[in-house]
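1. Dropping the sequence and predicted coords here.
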Amino acid sequence: MESGMLFDIKHYAIHDGPGIRTTLFFKGCPLNCWWCHNPEGISPEPELMFKPNRCLPECSLCVQRCPKNALAKNNGLLFIETSQCRLVGECAKICPTLALEKIGYKLTVAEAMAVVEKDRIFQETSNGGVTFSGGEPLMQPEFLEALLDACRQRGIHTIVDTSGHAPYEILERIRKKVDLFFYDLKLMDENKHREETGISNRLILDNLNKLAQTGSKIQIRIPLIPEVNTSQEEIAAMAEFISSLPGIEEISLLPYHKMGGQKYENLNRPQPHSQAQAPSEEVIREIQSQLEPYGFRIKIGG
Ligand code: SF4
Ligand code: SF4
């Protein structure tokens with residue numbers, strides 16, 4: 001039985017596509033966007049997340065339980081020796097306040113579908129379904145395809161939310177099993193894309209072009225990141241490209257927000273560009289007005 005690694009499952013999601021949905025977050029992403037609000041989804045490996053504000057000063061249960069001696073308590077503060085930690089996860093299992101959490105767990109398709117099935121009544125009564133997000137679902141193609149097959153057998157509507165960075169053969173293999181793609185478009189300029197996300201956008205743009213030619217249903221999602229892609233020139237370049245593709249009717253604008261900031265701290269990682277601000281209402285409205293004449297339906301938010 002096919003299995004894969006997720007880092008979260010969201011129930012009753014109302015911003016991940018039509019209706020009420022169950023969203024499965026795949027662990028691992030080939031990009032490293034500094035604005036990512038799911039930094040725990042980028043590494044394909046499990047990680048330990050620590051929320052210091054939940055840790056009880058007088059408790060040392062996890063220190064005693066760790067078989068690798070990777071934890072120590074000093075003056076009521078917990079210290080994690082990451083070089084020692086082997087992500088056994090015993091600490092997270094015993095922590096009474098969920099201050100420690102092992103991020104990333106393996107599931108078989110049957111186990112994942114059993115979770116999805118519990119939400120069926122909400123999915124059915126709201127014309128919802130299942131959204132595969134991440135991280136990047138295309139990084140675990142066999143797992144994704146098996147889940148898509150399982151959803152199709154049960155008549156469940158599916159969305160694959162992707163950065164588009166994967167060999168095109170994967171998209172070709174799964175596309176007929178997907179009801180709707182959410183396809184992220186971040187920047188047209190290749191060098192800037194590399195600077196901001198760590199990789200070139202060539203494959204992403206090529207794949208989008210090829211996928212659109214197949215008649216697959218695609219909604220474009222543009223994260224609005226000030227000083228990265230909110231200039232008139234960049235928006236115009238994206239609009240021209242999207243207009244050249246057949247069948248794209250809707251664009252979702254996803255304004256940057258700082259909600260992922262705390263997660264970087266909890267993962268003990270510096271947050272890049274921590275001073276970055278959300279785009280103003282005015283900027284969002286201007287971008288909307290710039291895109292509407294191209295004939296797209298514009299949605300703000302997920
Ligand atoms: S593509 Fe999405 S999940 Fe991957 S790093 Fe960028 S924002 Fe995060
Ligand atoms: S078990 Fe949880 S609450 Fe107790 S010391 Fe460890 S992290 Fe803190």
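-> Everything's here; your move. Ligands and ions are numbered 1, 2, ... in the order given.
2. near ligand 1, which residues of this protein show up?
-> Within the chain, the positions near ligand 1 by C-beta under 6 Å from any ligand atom are 29, 31-33, 36, 38, 41-42, 134-136, 163. To be clear about C-beta, it is placed using only N, CA and C from the backbone, and glycine gets the same treatment.
3. Can I get the buried part of those residues as one ChimeraX selection?
-> Here is the ChimeraX command that selects the buried residues among the residues of the chain next to ligand 1 (16 or more other C-beta atoms under 10 Å):
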select :29,31,33,36,38,41,42,134,135,136,163
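4. CA atoms only: put the helix or strand in which residue 221 is found into PDB for me.
-> In this assignment (DSSP states H and E), residue 221 forms part of strand 218-224. Extracted in PDB, the C-alpha atoms of strand 218-224 (Å, rounded to 0.1, in the frame of the first residue of the first chain):
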ATOM      1  CA  ILE A 218      -6.700  25.800 -13.600                       C
ATOM      2  CA  GLN A 219      -7.100  28.700 -11.200                       C
ATOM      3  CA  ILE A 220      -4.000  30.900 -10.900                       C
ATOM      4  CA  ARG A 221      -2.900  32.000  -7.500                       C
ATOM      5  CA  ILE A 222      -0.600  35.000  -7.100                       C
ATOM      6  CA  PRO A 223       0.900  35.700  -3.700                       C
ATOM      7  CA  LEU A 224       1.200  39.500  -3.400                       C
END
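5. ok, now how distant is residue 284 from ligand 1?
-> 19 Å (C-beta to the nearest ligand atom, to the nearest Å).
6. just so I have it, where are all the strands in the stretch 201-302 of the chain?
-> Using DSSP state E, counting those that start in this stretch, the strands found in the stretch 201-302 of the chain span residues 218-224, 250-255, 297-300.
7. most neighbours per residue, which of the ones you listed?
-> strand 218-224 (a mean of 21; mean count of other C-beta atoms under 10 Å).
8. in the stretch 201-302 of the chain, what residue is nearest ligand 1?
-> Of all residues in the stretch 201-302 of the chain, residue 223 sits closest to ligand 1, with a separation of 6.9 Å (C-beta to the nearest ligand atom).
9. Now do the same contact list for that residue.
-> Residues near residue 223 by C-beta atoms under 8 Å, 6 or more residues apart in numbering: 33, 35, 184, 186, 229, 254-256.
10. Kindly recompute the last result at 10 Å.
-> 33, 35-37, 184-187, 229, 252-257 (C-beta atoms under 10 Å, 6 or more residues apart in numbering).
11. residues near residue 112, how many?
-> Neighbours of residue 112 under the rule other C-beta atoms under 10 Å: 22.
12. Do you have the helices of this protein handy? List them.
-> For the chain, the helices defined by DSSP state H occupy 61-65, 90-94, 109-118, 120-125, 141-154, 168-174, 190-197, 202-213, 232-243, 261-266, 281-291.
13. right, so of those, which gets closest to ligand 2?
-> Ligand 2 sits nearest to helix 61-65 of all the helices of the chain, at 3.3 Å, using C-beta to the nearest ligand atom.
14. relative to helix 232-243, how tilted is the strand holding residue 221?
-> 170 degrees (axes from the mean of the first three to the mean of the last three C-alpha atoms, to 10 degrees).
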